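K.L.:
For reference, the sequence and a predicted model appear below.
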Amino acid sequence: AYVVTDGCIRCKYMDCVSVCPVDCFYAGENMLVINPDECIDCGVCEPECPAEAILPDTDPRAAEWVALNADYAAKWPNIAEKGEAPADADEWKGKEGKLALLDP
Ligand code: SF4
Ligand code: F3S
């Protein structure tokens with residue numbers, strides 16, 4: 001499966017939602033996650049994310065986000081349509097270590 005990393009936090013552009021063929025994104029207040037049981041590994045979302053927040057779970061940088069995606073996919077509502085990104089999304093793009101800013 002693919003996973004969303006903390007690069008998404010406070011960016012939440014949602015371009016990924018528009019392209020996912022199986023609608024397996026789930027939305028928290030300021031981050032999305034991917035349901036690993038529904039993701040079909042098509043990979044189309046990865047290059048669509050302006051924040052480069054999506055990685056295949058085979059990438060070493062994805063390892064620490066695998067459990068978080070599975071956990072929140074079970075708690076947050078499904079999102080099938082792109083909404084409006086936060087007004088200050090661009091200011092958070094590329095910032096590292098955003099996990100402490102997650103609003104679950
Ligand atoms: Fe959806 Fe494909 Fe991305 Fe998985 S890899 S989340 S199926 S777009
Ligand atoms: Fe997040 Fe990137 Fe999607 S910022 S909402 S993973 S397009």
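P.N.:
It's in. Residues are numbered from 1 along each chain as shown. Ligands and ions are numbered 1, 2, ... in the order given.
K.L.:
residue ranges of the helices in the protein, please?
P.N.:
15-19, 66-73, 89-92 (DSSP state H).
K.L.:
next one: the last one to chain centre, how far?
P.N.:
The gap between the average C-alpha position of helix 89-92 and the chain average comes to 15 Å, counting by Cα atoms, centre = their mean, to the nearest Å.
K.L.:
Going by neighbour count, list what's buried in that helix.
P.N.:
The neighbour-count criterion (16 or more other Cβ atoms under 10 Å) identifies 89, 92 as the buried residues of helix 89-92. C-beta coordinates here come from the backbone N, C-alpha and C atoms, glycine included.
K.L.:
Please save the CA atoms from that helix in PDB.
P.N.:
Output for helix 89-92, consisting of C-alpha atoms alone and laid out as PDB, is shown next (Å, rounded to 0.1, in the frame of the first residue of the first chain):
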ATOM      1  CA  ALA A  89      -1.100  25.300   3.100                       C
ATOM      2  CA  ASP A  90       1.800  26.600   1.100                       C
ATOM      3  CA  GLU A  91       3.500  27.900   4.300                       C
ATOM      4  CA  TRP A  92       3.700  24.400   5.600                       C
END
